[in-house]
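Enquirer: need a 3D model of the sequence below.
(one chain, ligands or ions: 1)
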Amino acid sequence: MIAVYPGSFDPITLGHLDLIGRASRLFDRVIVAVLRNPNKMPLFSVQQRLEQISLSTQHLPNVEADSFDGLTINYAQIRQAQVLLRGLRAVSDFEIELQMAHTNKTLSTQIETVFLATSNEYSFLSSSVVKEIARFGGSVDHLVPPHIALDIYQCYNHNSPMLNPITTQAIPLKSMPMETPPEMLHDQQV
Ligand code: ADP
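Expert: Below is the predicted model of the structure:
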């Protein structure tokens, strides 16, 4: 059975890759299909995204990257796929995804939409979140593969990944109790 996993993948994240890995064990072939969407201003070109996906999935022999435009269902038919694969992160995804699945069913009764629930650890993760963090100088090393993190840092002009800053309130020394040991004073200032 062939599954098409359509999306923007701008860029592909560890959440997408977790889903692709699990789908590759369920289906004979998984086609990760980048939608060429003229209405969106992407961070990466379609070609860059295809390269990022291919590199990230090279350990999965039954996964391929491709791009398409127009209706997803038409593309799935051309690729002789039986399944459209989508991920569900939260209830907020569900409404729009269900609407899309119903719409696609009116276009082809032969193709089923299959939803995979995201793994818990990635349920907050989206390409937009990754871009937002990077735009403000944060590290995205824990959200995307290393080669994609480098691509992103290049786009936002910071070459070396930075630690995500955690804002802490400095406690004025004069407000510390006198008996506070010196090592604790040090901890408070870090
Ligand atoms: P789209 O523009 O179609 O939403 P995306 O690239 O954002 O494209 O997402 C493609 C698919 O991947 C969607 O089905 C989306 O629900 C799913 N997805 C996005 N992020 C995650 C994640 N963290 N875990 C699992 N699935 C995800």
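Enquirer: only C-alpha atoms for contact and neighbour calcs from this point on.
Expert: Will do.
Enquirer: find the nearest non-adjacent residue to T118, please.
Expert: Using Cα to Cα, 6 or more residues apart in numbering and skipping the chain neighbours, the partner closest in space to T118 is R89 (5.3 Å).
Enquirer: so which residues of the protein form helices?
Expert: 14-26, 46-56, 72-78, 91-107, 127-135, 146-155, 182-189 (DSSP state H).
Enquirer: redo the ones you listed as CSV? Include distance to N62 and mean neighbour count.
Expert: Shown next, in CSV, are the helices of the chain (distance: least, Cα to Cα, whole Å; neighbours: other Cα atoms under 10 Å):
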stretch, distance to N62, mean neighbour count
helix 14-26, 7, 17
helix 46-56, 11, 19
helix 72-78, 16, 17
helix 91-107, 25, 13
helix 127-135, 24, 17
helix 146-155, 21, 18
helix 182-189, 51, 10
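Enquirer: the residue nearest to L116 when sequence neighbours are not counted: neighbour count?
Expert: Take L116 and drop its neighbours on the chain: the residue closest to it by Cα to Cα, 6+ apart is G87, 5.0 Å away. Neighbourhood size, G87 [other Cα atoms under 10 Å]: 20.
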